[in-house]
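Visitor: Sequence first, predicted model second:
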Amino acid sequence: MPSPERQITIAPSLLAADFARLQDEVAAIEAAGADWLHLDVMDGHFVPNISFGPLVLAALRKHTKLPFDVHLMIAPVDPYIDAFAEAGADHILLHPEAGPHLHRSLQRIRAHGKKAGVVLNPGTPVESIEWVRDLLDGVLVMTVNPGFGGQKFLPSQLPKIAELRRMIDAGDRPIALGVDGGITAETAPHAIAAGADTLIAGTSVFGAPDYAAAIRGLRGPQPAKTAGA
Ligand code: DX5
Ligand code: ZN
């Protein structure tokens with residue numbers, strides 16, 4: 001059963017922000033109630049698009065307290081883990097397909113004292129994380145093929161989220177379960193009902209006229225406050 005009390009983390013994706021005004025955009029999303037900032041790093045090789053690298057992270061790091069949730073869509077990924085950790089990433093997430101030794105890559109992230117996560121493409125099975133669970137702080141389910149914002153949510157991934165929720169709940173460590181791609185006020189409730197606790201959203205937040213209202217819309221109905229709270 002989905003737990004209605006589960007705390008939902010909202011991580012707007014900078015990919016949909018105005019790149020000419022990144023500092024202002026980050027300040028605005030922080031003021032609007034975002035929990036984390038999701039940063040999509042693309043190399044034009046692992047995915048068919050190019051975004052930004054560690055220099056942009058380092059430049060923004062000085063201007064916000066938001067945790068940086070860094071989604072690496074680059075291959076090979078290992079040679080760049082250190083640079084993103086040093087640039088100010090708080091969480092570093094990578095795809096199992098982006099390097100030959102997933103376990104070693106996750107160890108490298110953790111050696112920097114950063115949270116480590118694995119991202120599953122729509123075609124990537126849940127089993128790919130089975131033997132690295134002890135190194136994970138997060139799992140992110142792609143509900144679009146990675147590379148671009150503004151794509152349509154793939155409902156075919158909902159059973160994968162549910163399977164991961166069961167796997168995480170049966171385990172002995174907290175692992176954030178995120179969903180990334182096509183998340184809107186309409187699709188978010190399906191992802192949450194399947195078991196997601198973290199919503200990555202680009203277009204539906206940075207493309208909205210009122211960022212705070214968009215974030216509230218993703219969180220869904222808030223539980224009623226108890227007396228005295
Ligand atoms: C896609 C990225 C996503 C993207 C989401 O490769 O991983 O984080 O920014 O964008 P929307 O919310 O527009 O689908
Ligand atoms: Zn992403």
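Guide: Sure thing, it's come through. Ligands and ions are numbered 1, 2, ... in the order given.
Visitor: ok, longest helix in this protein?
Guide: helix 158-170 (DSSP state H).
Visitor: who touches that one?
Guide: 120, 126, 133, 139, 141, 175, 177, 179, 190-191, 194-196 (C-beta atoms under 8 Å, 6 or more residues apart in numbering). To be clear about C-beta, it is placed using only N, CA and C from the backbone, and glycine gets the same treatment.
Visitor: same thing but 7 Å
Guide: Counting by C-beta atoms under 7 Å, 6 or more residues apart in numbering, the neighbours of helix 158-170 from elsewhere in the structure are 126, 139, 141, 175, 177, 179, 190, 191, 194, 195, 196.
Visitor: can the residues you listed go into a markdown table with extra columns for pLDDT, secondary structure and neighbour count?
Guide: Supplementary listing: these in a markdown table, determined by pLDDT from 0 to 100; DSSP: H, G, I helix; E, B strand; the rest coil; neighbours: other C-beta atoms under 10 Å:
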| residue | pLDDT | secondary structure | neighbour count |
| --- | --- | --- | --- |
| 126 | 98 | helix | 16 |
| 139 | 98 | strand | 26 |
| 141 | 99 | strand | 28 |
| 175 | 98 | coil | 20 |
| 177 | 98 | strand | 22 |
| 179 | 99 | strand | 29 |
| 190 | 98 | helix | 17 |
| 191 | 98 | helix | 28 |
| 194 | 98 | helix | 21 |
| 195 | 98 | coil | 24 |
| 196 | 98 | coil | 30 |
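Visitor: Quick check: the two most widely separated of the residues you listed?
Guide: Checking those against each other with C-beta to C-beta, the farthest-apart pair comes out as 175 and 190, at 20.5 Å.
Visitor: follow-up on the earlier one: of the contacts of helix 158-170, closest to residue 26?
Guide: Within the set of those, residue 179 lies nearest residue 26; the separation is 22.1 Å, counting by C-beta to C-beta.
Visitor: hang on, that closest one packs against residue 195?
Guide: No: at 9.4 Å, residue 179 and residue 195 do not qualify as touching, with contact defined as C-beta atoms under 7 Å.
Visitor: Lovely, talk soon.
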